[in-house]
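The sequence and its predicted three-dimensional model are supplied below.
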Amino acid sequence: MRPDILNPLFAEISALKGVGPSLAKPLERLALARAVDVAFHLPVSFIDRRLTDELSMADAGRVIGIELTPVDYRASGSARAPFRVQAVDGHGNAVALVYFGRNSAWPRKLLPLNEPRFVSGKLESYGDNLQIVHPDYVLPPEEAETVPAREAVYGLSEGLTNNRMRDLAGQALARAPELPEWIEPSLLARKGWPGWREALTRAHADPSDALARERLAYDEIFAGQLALMLVRQSSRKRRGVPIAGDGRLRAMLNLPFAPTGAQRRAFGEIEGDMAQGVPMLRLLQGDVGSGKTLVALMALLNAVEAGAQGALLAPTEILARQHYEGLRRMVAGLPVEIAILTGREKGKVREATLMGLADGSIDILVGTHAIFQEAVRYRNLALAVIDEQHRFGVAQRMMLAAKAERTPHLLVMTATPIPRTLTLTYYGEMDVSRLDEMPPGRQPIQTLVMSSQRLEEVVEALARHVEGGGQAYWVCPLVEESETSDQAAAEARAEALKMRFGERVGLVHGRMKGADKDAAMDAFAANRTQILVATTVIEVGVDVPNASLIIIEGADRFGLAQLHQLRGRVGRGDKASVCLLLRGGALSETARARLALMRETNDGFRIAEEDLRLRGAGEILGTRQSGEAQLKLATPEHLSALIDAARDDAHLLMERDGGLAQERGQAARTCLYLFERDAAVGLLRSG
């Protein structure tokens with residue numbers, strides 16, 4: 001249970017003065033639902049206000065504070081024209097205070113004629129004249145000292161002003177308590193960091209206060225590292241089932257190529273873990289095409305050889321069915337029963353699968369989230385493999401683990417190479433195996449960047465490619481954070497291409513019914529269609545060796561990791577492959593850097609490091625999932641600089657300083673609740 005001392009900070013946003021239904025909407029758009037969210041919504045920059053007693057054209061473009069006297073009102077007959085208050089400083093220099101909107105009563109009330117007022121806002125030149133549009137402050141002169149010389153600027157949403165945001169931040173800070181110190185004393189002294197509450201107050205007062213920001217970032221990273229350590233400790237306490245297969249099924253595999261050294265090394269590590277009485281908790285990282293599926297199959301067969309069952313969990317139905325078909329091909333002729341379970345399996349088919357799992361006649365189950373629903377019972381689940389780990393939360397992993405009498409061994413895989421700092425941050429409770437070499441025969445992919453203005457040339461090149469017997473993907477752009485708009489873009493592109501290529505064009509997007517998706521994918525895989533127009537639903541798992549061209553429209557709107565994943569849909573056969581990135585006209589520096597790197601390298605691990613630098617941690621790991629808190633205060637630079645110290649500090653706490661039971665441990669427990677890593681505290685209690 002959350003400590004009482006934190007309750008005021010975790011109050012709903014409506015507890016803050018002035019927050020009603022109209023203000024709640026822009027706050028919701030910024031994901032500010034509680035006082036703590038506002039407290040952690042740190043300013044992005046600041047205004048240095050120049051306090052002066054004389055207007056000067058040299059100050060145009062700056063925010064100033066000055067005492068002025070209103071001398072005239074100038075209203076226009078047009079409803080759209082601004083209302084102007086003419087004012088002068090103590091030296092007779094003139095400035096117009098400009099207000100837009102039909103109601104002139106408000107500025108008249110604020111600025112009565114011939115009565116001095118302290119005015120602050122951005123001074124601008126308007127021809128030969130000076131003006132301040134909608135001043136930030138208009139106060140009686142005796143209240144001028146209440147206006148800060150340096151003022152924080154926050155990230156805002158439509159309907160929310162900086163002044164209102166600053167007021168809400170002040171209210172949230174007033175709710176922030178003094179908390180006992182959780183940082184190891186010698187580290188705190190060495191870094192010279194302020195206490196937690198002082199750091200939060202300083203970070204809001206001055207966004208350039210590097211020490212305060214670093215302290216807050218460290219606290220967040222430390223909470224994550226401690227939580228992961230507790231998860232790992234809890235897992236190690238649980239009893240697992242040692243699994244040691246005899247190798248007979250693996251020996252029967254008829255592989256078209258020998259496993260790479262990296263694959264053999266990774267499986268050796270997995271096999272060693274599975275032989276222990278403590279449940280395996282291992283992350284398998286590999287670039288696109290590095291052969292993770294074969295390693296997973298070897299681990300699953302190891303479980304089946306020992307008389308147990310295995311389950312493979314995929315994030316989407318397309319990927320689940322791809323795995324199902326792929327595994328069935330690989331074990332063809334072996335006495336191994338593989339079944340699939342997704343939300344689409346109904347009636348007798350579903351019942352037969354559930355019975356087969358319960359009586360043990362099904363050896364390996366492939367599926368989506370459906371495989372850990374309450375009705376699913378296994379006879380002897382010993383290994384769970386989770387593909388595309390970044391799309392599942394810790395809570396979902398635990399649901400799957402709860403499906404066995406004894407905690408099953410857990411292997412999680414990702415085809416998104418993850419920088420070291422993020423591996424430690426999000427997967428610090430796991431051992432890591434890394435596939436860092438490609439199987440023989442994997443074709444290098446040539447990457448080209450072209451302007452979307454050359455679309456006709458691209459379509460002509462696509463025609464030559466198809467006439468030559470090739471197949472191609474055409475990926476439609478991310479229009480916005482909406483599946484519907486991406487679908488519309490894909491449908492429009494498919495219609496345009498059908499005018500040229502007719503029925504050779506297929507379409508797949510996330511809002512299609514499962515059977516229709518399968519039909520479109522099957523037609524493309526069987527070469528009944530030669531062009532597949534798609535949204536990013538094909539980002540992972542789609543494997544058509546004859547497809548050797550991928551065209552990514554609006555490539556400048558995608559992140560590096562996603563571009564790399566999409567590029568990995570080609571280069572899977574014996575043909576030289578091309579990835580064509582179509583860019584928009586005006587490119588940001590970040591977009592330009594992304595596209596240049598894609599052209600330069602196929603190395604997913606290098607791309608991941610650069611993606612972290614360009615975009616930050618939250619976006620790389622994808623959508624926020626249940627149980628996976630994203631970092632709010634720590635930047636990628638903070639992560640790189642502080643992760644080792646935070647991990648060492650957490651180790652010291654658990655191994656030298658008495659864990660969560662002693663004085664520093666109790667403070668650290670509060671830190672876990674503050675950063676909403678309290679699921680780890682529950683694990684410690686139940687473990």
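Arrived safely, thanks for sending.

Residue ranges in the stretch 1-150 of the chain under the pLDDT threshold?
77, 79, 102 (pLDDT under 70).

in it, which spans are strands?
Here the stretch 1-150 of the chain has its strands, by DSSP state E, counting those that start in this stretch, at 45-48, 50-51, 63-74, 83-88, 94-99, 117-126, 129-133, 137-139, 150-153.

Contacts for the fourth one, please.
Outside strand 83-88, the residues that touch it by Cβ atoms under 8 Å, 6 or more residues apart in numbering are 68-76, 94-101, 104, 107, 111, 119. (Each C-beta comes from the backbone N, C-alpha and C, glycine too.)

repeat that for 6 Å
68-72, 74-75, 94-99, 104, 107, 111 (Cβ atoms under 6 Å, 6 or more residues apart in numbering).

one step back: minimum distance to A525: which of the strands of the stretch 1-150 of the chain has it?
Among those, the nearest to A525 by Cβ to Cβ is strand 45-48 (51.3 Å).

If you count neighbours, what's buried in the closest one?
Neighbour counts over strand 45-48 (16 or more other Cβ atoms under 10 Å) mark F46, I47 as buried.

Who are the packing partners of the longest helix that the chain contains?
Ranked by number of residues, the top helix in the chain under DSSP state H is helix 210-237. On a contact count with 3 or more Cβ pairs under 6 Å, 6 or more residues apart in numbering; DSSP states H and E, helix 210-237 meets helix 196-205, helix 636-655, helix 679-686.

now those in TSV, with mean neighbour count and distance to D287?
Shown next, in TSV, are the helices and strands packed on helix 210-237 (neighbours: other Cβ atoms under 10 Å; distance: least, Cβ to Cβ, whole Å):
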stretch	mean neighbour count	distance to D287
helix 196-205	20	38
helix 636-655	19	21
helix 679-686	16	31
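
Reformat those as CSV; add distance to P477 and mean pLDDT.
Listed next are the helices and strands packed on helix 210-237 as CSV, based on distance: least, Cβ to Cβ, whole Å; pLDDT from 0 to 100:
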stretch, distance to P477, mean pLDDT
helix 196-205, 37, 96
helix 636-655, 26, 89
helix 679-686, 37, 52
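
okay if I get those helices as JSON lines plus distance to M57?
Shown next, in JSON lines, are the helices and strands packed on helix 210-237 (distance: least, Cβ to Cβ, whole Å):
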{"stretch": "helix 196-205", "distance to M57": "31"}
{"stretch": "helix 636-655", "distance to M57": "39"}
{"stretch": "helix 679-686", "distance to M57": "59"}
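
Can you check which of those gets nearest to I445?
Nearest of the helices and strands packed on helix 210-237 to I445, taken as Cβ to Cβ: helix 636-655 at 27.2 Å.

Dump the closest one to PDB, keeping only the CA atoms.
Only the C-alpha atoms of helix 636-655 are listed here, as PDB (Å, rounded to 0.1, in the frame of the first residue of the first chain):
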ATOM      1  CA  PRO A 636      18.800   9.300 -22.800                       C
ATOM      2  CA  GLU A 637      21.900  11.200 -21.700                       C
ATOM      3  CA  HIS A 638      20.900  10.800 -18.100                       C
ATOM      4  CA  LEU A 639      20.400   7.100 -18.700                       C
ATOM      5  CA  SER A 640      23.800   6.600 -20.200                       C
ATOM      6  CA  ALA A 641      25.500   8.600 -17.400                       C
ATOM      7  CA  LEU A 642      23.700   7.300 -14.400                       C
ATOM      8  CA  ILE A 643      22.500   3.700 -15.000                       C
ATOM      9  CA  ASP A 644      25.700   2.100 -13.600                       C
ATOM     10  CA  ALA A 645      25.700   4.200 -10.400                       C
ATOM     11  CA  ALA A 646      22.000   3.400  -9.900                       C
ATOM     12  CA  ARG A 647      22.500  -0.300 -10.400                       C
ATOM     13  CA  ASP A 648      25.400  -0.300  -8.000                       C
ATOM     14  CA  ASP A 649      23.500   1.700  -5.400                       C
ATOM     15  CA  ALA A 650      20.500  -0.700  -5.600                       C
ATOM     16  CA  HIS A 651      23.000  -3.700  -5.100                       C
ATOM     17  CA  LEU A 652      24.500  -2.000  -2.100                       C
ATOM     18  CA  LEU A 653      21.000  -1.400  -0.600                       C
ATOM     19  CA  MET A 654      20.000  -5.000  -1.000                       C
ATOM     20  CA  GLU A 655      23.300  -6.700  -0.100                       C
END
